[in-house]
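Trainee: Curious how this folds, go ahead:
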Amino acid sequence: MRALHVITGLGVGGAEQQLRLLLRHLPVECDVVTLTEPGAVADGLVADGVRVVHLGMAGNRDLGALPRLARIVRRGRYDLVHTHLYRACLYGRIAARLAGVRAVVATEHSLGDSQMEGRPLTAGVRSLYLLGERLGRSTVAVSPTVAARLTRWGVPGQRIAVVPNGIDLERFAFDPVARRHARQQLGLPEDAFVIGGIGRLVPGKRFDVVVRALAALPDDCRLLLVGGGPEERALRESARAAGVAGRVLFAGERPYLPDGSSGPGLPALASAMDVLAAPSPEEAFGLAVVEALAAGLPVRYTSCPALEDLPPGAAPDALRVPCDAGAYARALAGVRAAGPGPRTAPEAARHYCITRSAARLMDVYTATLARTVPKSRSPQEVSPS
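Mentor: Residues are numbered from 1 along each chain as shown. This next block holds a predicted model:
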């Protein structure tokens with residue numbers, strides 16, 4: 001089987017890094033086309049031996065990208081096209097049909113109740129999404145929560161398959177040596193209580209809540225924000241206004257696999273943390289939370305379908321907190337007072353092993369090529385690999 005993955009961009013983000021991780025575990029010959037931004041994840045894919053093509057799309061209305069993409073699909077003689085993220089799903093589905101490929105799968109990574117990839121869910125966005133969805137054969141939801149949202153939107157249930165995001169458990173396992181080295185490289189004191197925040201620095205992630213919470217915590221508490229985005233300047237200003245600018249560290253975007261020149265990667269930074277704070281009130285999956293659990297971290301979160309879709313008790317030290325600075329200050333103070341616990345991954349993290357997700361996606365590919373869609377299963381029903 002030959003498959004082409006089409007994605008909007010390949011900067012450091014959850015969907016982008018998830019694609020790279022999946023390609024390491026899929027028994028399929030895969031190429032990748034990025035419409036824009038061939039960033040750090042593109043470099044990582046190339047290092048993994050994956051062919052990456054940059055389409056050079058100039059903007060959302062660059063219709064000239066369609067025939068260029070269709071030519072790539074036609075020349076590659078792909079059996080299946082798999083699209084990721086809103087713009088790539090629309091252009092990729094159309095291009096695949098123009099090239100004569102009918103086996104088209106699209107993964108919905110970011111559908112929330114009120115927004116998708118940071119854009120408000122207007123009637124126009126919904127109509128365009130549903131128009132493009134009809135050109136494919138299967139839509140993959142990263143959680144049952146997203147599957148339910150798609151159904152409410154009007155996507156037929158028989159076209160939806162649940163394939164949860166996956167994590168590399170071994171890579172995220174707590175490493176005391178990596179913890180020490182990461183803290184040294186970042187200038188974090190060995191005895192500091194480090195609160196972590198992982199994700200795009202955009203308004204919807206609500207990291208401003210944790211910045212304000214930090215002001216109510218003792219001076220040994222530090223905030224380590226891992227990610228990049230347009231909200232960084234506003235967060236820095238919030239930290240200055242709250243009097244905690246010297247206790248907030250912006251680590252920037254960090255890949256799973258560091259290139260040796262940019263400092264510690266995401267797993268090492270997770271080992272360097274003492275707790276993860278995830279105040280976003282709306283998530284499609286909650287990948288950062290699951291990765292933190294794999295590193296043995298206690299987690300305080302506001303929304304995480306990955307946990308909400310599992311039985312109670314799967315992550316005993318992951319507790320829901322209202323999206324409020326005072327509530328987060330009290331919750332984080334409680335973790336600090338309790339002291340460090342064992343850094344072992346709970347069942348919730350082990351449940352989302354990447355090999356399970358890859359096996360489930362292969363089921364979807366097989367069914368799509370056979371012109372059927374497999375019965376959607378919840379994460380609990382996906383058997384271990």
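
Trainee: and the longest helix along the chain, average pLDDT?
Mentor: What stands out as the longest helix in the chain, according to DSSP state H, is helix 354-369. The average pLDDT for helix 354-369 rounds to 96.

Trainee: Show me which positions of it end up buried.
Mentor: Neighbour counts over helix 354-369 (16 or more other CB atoms under 10 Å) mark 354, 356-365, 367-368 as buried. Placement of C-beta: from N, CA and C, glycine included.

Trainee: and if you look at stretch 222-236?
Mentor: Those would be 222-229, 231-232, 235-236, for stretch 222-236 by 16+ other CB under 10 Å.

Trainee: Show me which pair in those residues is furthest apart.
Mentor: Farthest pair in the buried residues of stretch 222-236 (CB to CB) is Arg222 and Gly229. Separation: 20.4 Å.

Trainee: packing partners for the worst-scoring helix or strand of the chain on mean pLDDT?
Mentor: Least confident helix or strand, the chain: strand 119-120 with a mean of 78, by mean pLDDT, DSSP states H and E. For strand 119-120, there is no helix or strand it packs on, judged by 3 or more CB pairs under 8 Å, 6 or more residues apart in numbering; DSSP states H and E.

Trainee: Looking at the buried residues of stretch 222-236, which are in helices?
Mentor: 232, 235-236.

Trainee: ok, these vs Pro38, which is closest?
Mentor: Taking CB to CB as the measure, Glu232 is the one of these closest to Pro38, at 22.0 Å.

Trainee: which residues does the closest residue to the closest one other than its chain neighbours contact?
Mentor: Nearest in space to Glu232, with sequence neighbours left out and distances taken as CB to CB, 6 or more residues apart in numbering, is Leu201 at 4.8 Å. Applying CB atoms under 8 Å, 6 or more residues apart in numbering, we find Leu201 in contact with 207, 225, 227-232, 235.

Trainee: One more pass at 7 Å, please.
Mentor: Applying CB atoms under 7 Å, 6 or more residues apart in numbering to Leu201 gives the contacts 207, 225, 227-229, 231-232, 235.

Trainee: swap in Ala103?
Mentor: 79-80, 137, 368-369.

Trainee: Quickly check the residues you listed for the two that are furthest apart.
Mentor: Asp79 and Arg137 (12.4 Å).

Trainee: who has more neighbours, these two?
Mentor: Arg137 (20 against 16; other CB atoms under 10 Å).
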